[in-house]
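Engineer: Quick one: sequence and predicted model below, then my questions.
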Number of protein chains: 2
Amino acid sequence: MRSYGEYCAVAKSLDVVGNRWTLLIVRELLLRGPARYTDLRDGLPGIATNLLAERLRELEEEGLVARVQAPPPVATTLFRLTPRGEELRPVIERLVLWGMPLMAQQLPNDAVRSHWIGFALESMLSDHDPDGPPLMIELRTGDQPVTLETHDGAVRARFGSADHPDAVLAGPPKPIAGFLIGWIELADAEAAGVRHEGDPKAFDRVRALPEAAPPATA
Amino acid sequence: MRSYGEYCAVAKSLDVVGNRWTLLIVRELLLRGPARYTDLRDGLPGIATNLLAERLRELEEEGLVARVQAPPPVATTLFRLTPRGEELRPVIERLVLWGMPLMAQQLPNDAVRSHWIGFALESMLSDHDPDGPPLMIELRTGDQPVTLETHDGAVRARFGSADHPDAVLAGPPKPIAGFLIGWIELADAEAAGVRHEGDPKAFDRVRALPEAAPPATA
DNA sequence: CAGCATCCGCTTTGATACTG
DNA sequence: CAGTATCAAAGCGGATGCTG
């Protein structure tokens, strides 16, 4: 991309990460940790494969991404964020907070990946009982299960299901997210096709307090 | 811009503000408050005028910017951020923090505007003596003077000079910013062409503590 | 199969000129 | 002052082909 040519911290940031797809690649690497090219492509539906390669090369030149060789059993190349790349996490978190109201409209062609939802919930939720026992909530939506876990008062998401989850939510992504964010109640989520298992009180421990819901669009 | 088509808060944010120039327009409106088309163009050197018009239209449609008629004496149209647009401030602040190390390299063709520097310093500095008397530091660099003022423990920047500033820094932008950020000492800044007036202790009240400086490039 | 590179048509951008 | 109009150049999306 062309430089903005401004002696300004915002402009210089965007010179590096303002390219199309670039911040979404960083998002994937923040979520997944070191990842293979193919996994990145799966997490970025719609990207042209040559663009992904080009962006990764740019990010490597800028010192945000490093290429590492995975140990023998797999023996493939992995892409991972450098510390400088990791420092973009607060930027992306703020973008998540700002963009959350936009999740009220799920367009017909929107791709769904469960780890995107889990990641957004990390930024939105917190553990109201930080000293309580560990809590695990499994979400089943999109492509594969994702599990929310409490950790030091915060909520972390990880790929995969839980062995003995305290509770499970399964169904379409919008009402699942909407319920945990506090836009709608459990009964509304059920009416929208969400099923749940386990103790509903588990949800209250991490759930955001119900507040002004964004317009119930689409 | 074409939508990413992902049901993800980051992607949906970027669908709205990920366009080229869009976040820089928001930056200008955050800095200036309600602004005229011409002032925006001056704060965005290099933007094509048709693009500025198009972006403003898009931002208006998205509900981030509103067009208002200025009162009779001037009677021109002003562009201002809506509350939803204002909510992008934390995003931009994080981008400032992340991008600040990049200010170590000032490219030969980089345009300079003093309010960009003032804005960046807002995010970087704080008042170490919040209960002390109001403090004003005038910066003379780039196109026009900008004044830093303490306010509730924070540092605010505003256009224009101060009537009776506690101190003044004049000269090239990089050493001025570098000194206040704590990358270099006052003596180094002077060696780089910075002149100062008033009590140097005024700087210590807001100056960031010297720490690891980024590579002294360009 | 993972990790690209090449080609091509379409869209977006940049630069400049012009207008109410 | 506040834009619109025009057009060349750059960037992107989609398809396909190549290589270890």
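Structural biologist: Noted; the coordinates are in hand.

Engineer: Which elements pack onto the strand or helix carrying A:V96?
Structural biologist: Element membership of A:V96 [criterion: DSSP states H and E] is helix A:89-99. Judged by 3 or more Cβ pairs under 8 Å, 6 or more residues apart in numbering or on different chains; DSSP states H and E, the packing partners of helix A:89-99 are helix A:22-32, helix A:114-124, helix B:9-17, helix B:89-99. No exception for glycine: its C-beta is placed from N, CA and C like everyone else's.

Engineer: Make CSV out of those and add mean pLDDT.
Structural biologist: As requested, these are exported to CSV (pLDDT from 0 to 100):
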stretch, mean pLDDT
helix A:22-32, 97
helix A:114-124, 95
helix B:9-17, 98
helix B:89-99, 98
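
Engineer: re the thing from before, list the contacts of the helix holding A:V96.
Structural biologist: Outside of helix A:89-99, the residues within contact range by Cβ atoms under 8 Å, 6 or more residues apart in numbering or on different chains are A:23, A:26-27, A:30, A:119-120, A:123-124, B:9-14, B:16, B:87-88, B:90-91, B:94-95, B:97-98.

Engineer: Now the buried members of the residues you listed.
Structural biologist: A:23, A:26-27, A:30, A:119-120, A:123-124, B:9-14, B:16, B:88, B:90-91, B:94-95, B:97-98 (16 or more other Cβ atoms under 10 Å in any protein chain shown).

Engineer: For the closest residue to A:V168 other than its chain neighbours, what is the enclosing helix or strand?
Structural biologist: Once flanking residues are discounted, A:V168 sits nearest to A:E197: 4.2 Å by Cβ to Cβ, 6 or more residues apart in numbering or on different chains. In the assignment (DSSP H and E), A:E197 maps to strand A:195-198.

Engineer: how about the helices in chain A?
Structural biologist: A:9-17, A:22-32, A:37-43, A:49-61, A:83-86, A:89-99, A:114-124, A:173-181, A:186-191, A:201-206 (DSSP state H).

Engineer: Is the first one in proximity to DNA strand D?
Structural biologist: No. Helix A:9-17 lies out of reach of DNA strand D by Cβ under 7 Å from any atom of the strand, never closer than 11.8 Å.

Engineer: and that helix, what other elements does it pack with?
Structural biologist: Going by 3+ Cβ pairs under 8 Å, 6+ apart, helix A:9-17 lies up against helix A:22-32, helix B:22-32, helix B:89-99, helix B:114-124.

Engineer: Would it count as contacting DNA strand C?
Structural biologist: No. Applying Cβ under 7 Å from any atom of the strand, one finds helix A:9-17 out of contact with DNA strand C, separated by at least 11.2 Å.

Engineer: Same question for the longest one.
Structural biologist: Yes. Contact of helix A:49-61 with DNA strand C (Cβ under 7 Å from any atom of the strand) involves A:49-50, A:53-54, A:56-57.

Engineer: Could you provide those residues in a markdown table, with additional columns for pLDDT?
Structural biologist: Shown next, in a markdown table, are the residues of helix A:49-61 next to DNA strand C (pLDDT from 0 to 100):
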| residue | pLDDT |
| --- | --- |
| A:T49 | 97 |
| A:N50 | 96 |
| A:A53 | 97 |
| A:E54 | 97 |
| A:L56 | 98 |
| A:R57 | 98 |
